[in-house]
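Chemist: just a sequence and a predicted model for now, questions to come.
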Amino acid sequence: MIRFLSRRVLHAFVILLLISVLSFVFFQFAPGSYTDAMRLDARVSAETESAWRTMYGLDQSVLTKYFRWMRSVLRGDFGFSFAYGIPVSSLLWPRIRNTLLLTSVALLVSWSAALGIGALTVVRRSRAVESVIRSSMALLLSIPDLLIALLLLLFALRTGLFPVGGMASLGTAHTVIAHTKDVALHLVLPALALALLSLPLLVRHVQAAVRESMCAPFVQAARAHGIPAGRLWLAYILPAAANPLISLFGYSVGGLLSSSLLVEVIMGWPGLGPLLLESIFSRDVHVVIGTTVLSALFLIAGNLVADLLLYAVDPRIRWEQ
Amino acid sequence: MLLETHSLTKEYTRKNLPSKPVTVRALDNVDFRIGRCSSLALVGASGSGKSTLARCLGGLEKPSGGAITFRGTDLSRMSSAEIRNYKRKVQIVFQDPAGTINPRFTAASAVSEPLDITAVGSPDERRERATYWMEQVGLRTALAQRPALELSGGERQRLAIARALIVNPEVIIFDESFSALDLPVAGHVLALLRRLREDYGLTCLFIGHNLTLLARFCTEVAVMYQGRIVESGPMQQFLTAPAHPYSRALAGAIPHLPVEWPA
């Protein structure tokens, strides 16, 4: 187990290192820099701009910039934000917390719904239920992500059922319970948008995995041997269906994170998304790279959790180790 | 009669859009009966409906017409508890030993699982019984804690046979189960089944086309051809005077070698 885990952690470390290098190189090729906007201001002289560039280290080679950034990562700063004038880490942490809150809730909602809907269609074998679900999923899949988020916003504005934009209303958080309730209400729309975006794909996979494991020869054999239905589901069908779904779970964490960046921007959720967009526009290089590396870290962590879950539920992987 | 079929029919309909659905009749008014302590060889070419019949008898397929009766009771009229009891009494050993054992189980747990479900005896007693039946089918006890997937094809097939035997069944249906076994092992298992037939009245239905092996063990034979039973009767009569042209081809294909089976 420790060998398995340490190999995975080492693997993750190498990937993160590569992502940070690639992010630096790609950003170097991107046109413009943070000080370009200064030139538009007639009051800023070329000397001043040059002094800023020297101060931020923008005139140094990519390699020097990368090693300076790595040193700051080791210090826990993740570089320095030119736009905010503070270490990137102090900008990122509160945003990460908000993004994680949103994606965890969306992950829980989308997987619970997908497992319920997927299993229901396979078990019930009702043509009516199946066609309703198939049509709904096809509809969801065909609507662009942006439109789903906008439709939800429109629904919230028209009905007034949920607050729109931000994470908390001003002046309502007198007690912890009131604050939690307020945040939960603000969370409904972005979490629902994210869950709806990933739902069709998850439902398809759940249906396919359960259907395939129900037809597996050892399940058929168990059925012929008179294994009771409950035991058949718990010891045969679900464990066999779990493997592809657990692997998908790891990837769905990454998928949700990328979708959350878009949803956060549209819905005004104060997560990594709006910060990343703002930093890209202002060429705030360290914030962009910090956000990219952190998003990759989440994806890797999701896959690591999936690997550990597979290790826990499938004895064949333990036997292999 | 222990197990009988009455005009058993099984049809499969395949959607063939935009054309009309295509219906294939896998079993066509099959009538056969098997008594206690007997051993019947059900032979026929691939696609003749043998495995469909086995799946219907094992309760895995619902017949399209006709009936299956066990000790005179129609399967379609049995309660779910009676069906569970029927499935314990009538065991199937499938052709593919790799696919039919849960890959997450060890050899011993695959064999003892039917007892674990019904909680028969203490865990130690169940393990002992599993080991006993593994030994009976010629598997070393050292294999008990090995993952079932790590066993060879022949070992896994014997594991499947041990699993069927552990619940003291009245009938075992072997659906081409001996094709994965080499001849000495097959002979050893057949000798064990002969002993169980004599001591406990076990009834065996062998599905396959290896008459060389089955002719030495089975007292009766039924020949399937295109979903129908075209000939049935005592094995000796079949071997000496087969009536149907396909039966004649089958009987004529048996090589006559001086092979001695273990007692």
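Modeler: Received it, and whenever you're ready, just let me know what you need.

Chemist: so which bits of the stretch 1-150 of chain B are right by chain A?
Modeler: Neighbours of chain A within the stretch 1-150 of chain B, by Cβ under 8 Å from any Cβ of the partner chain: B:55, B:58-60, B:83-88, B:91-92, B:94, B:96, B:99-104, B:113-114, B:117, B:147, B:149-150. C-beta coordinates here come from the backbone N, C-alpha and C atoms, glycine included.

Chemist: which of these are buried, as a ChimeraX select command?
Modeler: The following ChimeraX line selects those of the residues of the stretch 1-150 of chain B next to chain A that are buried, judged by 16 or more other Cβ atoms under 10 Å in any protein chain shown:
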select /B:55,58,59,84,86,87,88,91,92,94,96,100,101,102,103,104,113,114,117,147,149
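
Chemist: in helices, which of the residues of the stretch 1-150 of chain B next to chain A fall?
Modeler: Residues of the residues of the stretch 1-150 of chain B next to chain A located in helices (DSSP state H): B:55, B:83-88, B:113-114, B:117.

Chemist: possible to save these as CSV with pLDDT?
Modeler: Listed next are those as CSV, based on pLDDT from 0 to 100:
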residue, pLDDT
B:R55, 90
B:I83, 90
B:R84, 87
B:N85, 88
B:Y86, 91
B:K87, 89
B:R88, 88
B:E113, 85
B:P114, 82
B:I117, 76
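
Chemist: what sits against the residue nearest to B:Y225 when sequence neighbours are not counted?
Modeler: With sequence-adjacent residues excluded and distances taken as Cβ to Cβ, 6 or more residues apart in numbering or on different chains, B:Y225 is closest to B:Y246, at 4.9 Å. By Cβ atoms under 8 Å, 6 or more residues apart in numbering or on different chains, B:Y246 lies in contact with B:44-45, B:223, B:225, B:230.

Chemist: what are the buried residues along the host helix or strand of B:Y246?
Modeler: Using DSSP states H and E, B:Y246 maps to helix B:245-252. By neighbour count on 16+ other Cβ under 10 Å, the buried set for helix B:245-252 is B:246-247, B:250-251.

Chemist: next one: stretch A:239-254
Modeler: A:239-243, A:245-250, A:252-254.

Chemist: so which of these reach chain B?
Modeler: A:P239.

Chemist: now, the buried residues of stretch A:239-254 that are in helices?
Modeler: With DSSP H as the criterion, helices contain A:239-243, A:245-250, A:252-254 from among the buried residues of stretch A:239-254.

Chemist: which one of the residues you listed is nearest to chain B?
Modeler: Among these, A:P239 lies closest to chain B (Cβ to the nearest Cβ), at 6.0 Å.

Chemist: quick one, what contacts the closest one?
Modeler: The contact partners of A:P239, by Cβ under 8 Å, 6+ apart, come to A:313-314, B:104.

Chemist: swap in B:S39?
Modeler: By Cβ under 8 Å, 6+ apart, the residues touching B:S39 are B:193, B:197, B:203-206, B:217-220.

Chemist: can you do 7 Å?
Modeler: Shown in contact with B:S39 (Cβ atoms under 7 Å, 6 or more residues apart in numbering or on different chains): B:197, B:204, B:217-219.

Chemist: separation between it and chain A?
Modeler: 20 Å (Cβ to the nearest Cβ, to the nearest Å).

Chemist: any low-confidence regions in the chain?
Modeler: If you meant another chain, say so; for now it's chain A. Applying pLDDT under 70 to chain A flags the ranges A:172-173, A:321.

Chemist: actually, chain B is the one I wanted.
Modeler: B:119, B:180, B:255-263.

Chemist: can you say which helix or strand has the one residue sitting closest to the centre of chain A in it?
Modeler: For chain A, the residue nearest the mean C-alpha position is A:L257 (1.7 Å; Cα atoms, centre = their mean). For A:L257, the host element (DSSP H and E) is helix A:238-267.

Chemist: next secondary structure after that helix?
Modeler: Toward the C-terminus, helix A:238-267 is succeeded by helix A:272-282 as the next helix or strand (DSSP H and E).

Chemist: could you pull out the strands for chain B?
Modeler: Here chain B has its strands, by DSSP state E, at B:3-14, B:22-34, B:39-44, B:65-70, B:73-74, B:90-93, B:171-175, B:203-208, B:220-225, B:228-234.
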